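> Turn this into a model:
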Amino acid sequence: MNILVVLAHPDKNSFNYTIAQTCIKQLIENEHSVIFHDLYRENFDPVLNTPEIPKNGAVDEIIKMHCEDLTKSDGIIIVHPNWWGQPPALLKGWIDRVIRPGIAYEFEEGDGGEGVPIGLLKAKTAVVFNTSNTSMDRENNIFLDPLETLWKNCIFDLCGVKEFYRKMFRIIVTSTTTQRKSWLNEVKTTVSSFFPLSEKFE
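Presented below is the predicted three-dimensional model:
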């Protein structure tokens, strides 16, 4: 299987970076092909310009490459921190520019204008790993967990990826080395659960 891993965190010493590397290592051990994009290291340009907006809009070679990597992936893993209940701006720009009409989704013709979506992605499964310094109670009851809605409902379900799993690791700022090791073991287990060893797909 081809698995796309997208990381969005500016600090190479961050726990997010370690999560992404753990995912990659486990995927390789499970004999999958990994496509890795570290958006900050790549200096990804998040700005969506007017000519790109239409379904057949002009996109540069970098965006074409990201779109091709997305469409050929059998699974997707996203790793990013929870900043103000949202992904980092760089990742939001990646969503805007890469999860495009005609690439990830389209709308039924003659749908009366309400925009009935048709998911186009080949990927069957998407996994999102987040980090946060907000308690679960506050996240769920005060903020209503906006990242769950964004990734599950607004993005992956709309794009046809029906198997979805998201894990939030918290609270990072007070976490111990032992806790982080336990979390990384959970990452390994999760990756192997959704993308097991030598699973063959036609």
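> in this protein, what spans have low per-residue confidence?
Scanning the chain for pLDDT under 70 picks out 110-114, 135, 140-144, 198-202.
> Quick check: buried residues in the helix or strand hosting Ile19?
Ile19 is part of helix 15-29 when elements are defined by DSSP states H and E. For helix 15-29, burial by neighbour count (16 or more other Cβ atoms under 10 Å) applies to 15-24, 26-27. All C-beta spots, glycine's among them, are computed from the backbone N, C-alpha and C.
> Go ahead and confirm Lys152 touches Phe164.
Yes - Lys152 is in contact with Phe164 according to Cβ atoms under 8 Å; the separation is 5.0 Å.
> What's opposite Gly75 in the beta bridge?
Ile3, Thr125 (DSSP bridges).
> who's in contact with it?
1-4, 32, 123-127, 194-195 (Cβ atoms under 8 Å, 6 or more residues apart in numbering).
> Using JSON lines, lay out the buried residues of helix 15-29 together with distance to Ala58.
JSON lines is the format used below for the buried residues of helix 15-29 (distance: Cβ to Cβ, whole Å):
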{"residue": "Phe15", "distance to Ala58": "38"}
{"residue": "Asn16", "distance to Ala58": "33"}
{"residue": "Tyr17", "distance to Ala58": "33"}
{"residue": "Thr18", "distance to Ala58": "38"}
{"residue": "Ile19", "distance to Ala58": "35"}
{"residue": "Ala20", "distance to Ala58": "31"}
{"residue": "Gln21", "distance to Ala58": "35"}
{"residue": "Thr22", "distance to Ala58": "38"}
{"residue": "Cys23", "distance to Ala58": "33"}
{"residue": "Ile24", "distance to Ala58": "32"}
{"residue": "Gln26", "distance to Ala58": "38"}
{"residue": "Leu27", "distance to Ala58": "33"}
